[in-house]
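*Asks:* how would this look folded up:
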Amino acid sequence: MRTTPPRRTRWSHAVSFQSCTTSAAARRSRPPCSAAAGRACRCTSRSIPGCGGWECRSEKRSRSSRTSPAIPRSRSRVDGLRSRGAESGCVHVANSAGLVALAELEKDGPPQDAVRPGLLLYGAQPCAERRCELRPVMSLRAPVVAIRRVRRGEAVGYAALYRARADTRIATLALGYADGVPISASGRGHVWLAGALRPIAGRVSMDYVGVEVGDAPVELGETAVVFGSETAGRPAVLPVDEAARSAETISYELLVRVGARVRRVLHDV
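*Replies:* Model (predicted):
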């Protein structure tokens, strides 16, 4: 983002650059993307070789690339540059969602020289409407450190957000919002424990989170999956996008917010 006024500069050598456009520009009352293409063309005509162009799309990831108006516009911009005699250079439009819908992107979008996978590199689903066969690269797990029985009507956790509707059991996991469990998961998120999804009971604490397990055969020391797989290299029992959806957040937040005190274990699979 430009924060200072532009200055004219003479260079004694060629300068390569890539021109970035974003489909969110119109919502911020910025000049239309065609203007950026025009500026790139003028620069190229003055012996400054454009190395290429790319686009940052801001549409919802659940939206199909086939219905996205940004894709035909991308092709139009590249065609406009070439019609003015400018070299388009390396063009890349496809992010992870674009790669999932690659057939439509190749049909309606510009020819591409590269792609930009992001979420796919973590084995995370970029599109809710198009599921891929992926294995998670990253999983977050925590042990059960306590199990206690609560009676009907008894409160659990700060602010008494959870009250047992019937006699049940609560398993406490040694993981909290300081470690990567979003506080937005309080009372609505789930973990995978003892072969099934178990609801988070009450508010997520800094160091712990309670999970309602009822009469399930849960034991102390057993491992719960906050997102990812039970074993490295295996399919996810709780995909990160599903964990994010139940917590009313996004996959990116879960993937990047894991706390520093969480032990990292690397597996060569």
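*Asks:* what comes up buried for stretch 118-125?
*Replies:* Counting neighbours by 16 or more other C-beta atoms under 10 Å, one finds that the buried residues in stretch 118-125 are 119-120, 122-125. Using the backbone N, CA and C atoms, a C-beta is placed for each residue, glycine as well.
*Asks:* do stretch 254-264 as well
*Replies:* Going by neighbour count (16+ other C-beta under 10 Å), the buried part of stretch 254-264 is 254-255, 258.
*Asks:* stretch 124-141 too?
*Replies:* Residues 124-127, 134, 136-141 are the ones in stretch 124-141 that count as buried (16+ other C-beta under 10 Å).
*Asks:* quick one: residue 223 from residue 268, how far?
*Replies:* If you measure residue 223 against residue 268 using C-beta to C-beta, to the nearest Å, the figure is 21 Å.
*Asks:* kindly apply the preceding question to residue 149 instead.
*Replies:* For residue 149, the distance to residue 268 equals 42 Å [C-beta to C-beta].
*Asks:* looking at those two, which is more packed in?
*Replies:* Neighbours per residue (other C-beta atoms under 10 Å) separate residue 149 from residue 268, with residue 149 holding more: 10 against 5.
*Asks:* quick one, grab the pLDDT at the closest residue to that one other than its chain neighbours.
*Replies:* Using C-beta to C-beta, 6 or more residues apart in numbering and skipping residues adjacent in sequence, the residue nearest residue 149 is residue 169, 5.2 Å away. Per-residue pLDDT puts residue 169 at 97.
*Asks:* from what I can see residue 169 touches residue 214, true?
*Replies:* Yes - with contacts defined as C-beta atoms under 8 Å, residue 169 counts as touching residue 214 at a distance of 6.3 Å.
*Asks:* can you pull the contacts of residue 223?
*Replies:* 141-144, 230 (C-beta atoms under 8 Å, 6 or more residues apart in numbering).
*Asks:* cool, residue 150 as well?
*Replies:* Remark: with contacts taken as C-beta under 8 Å, 6+ apart, residue 150 is in contact with 156, 164, 167-170.
*Asks:* thanks a lot, see you next time.
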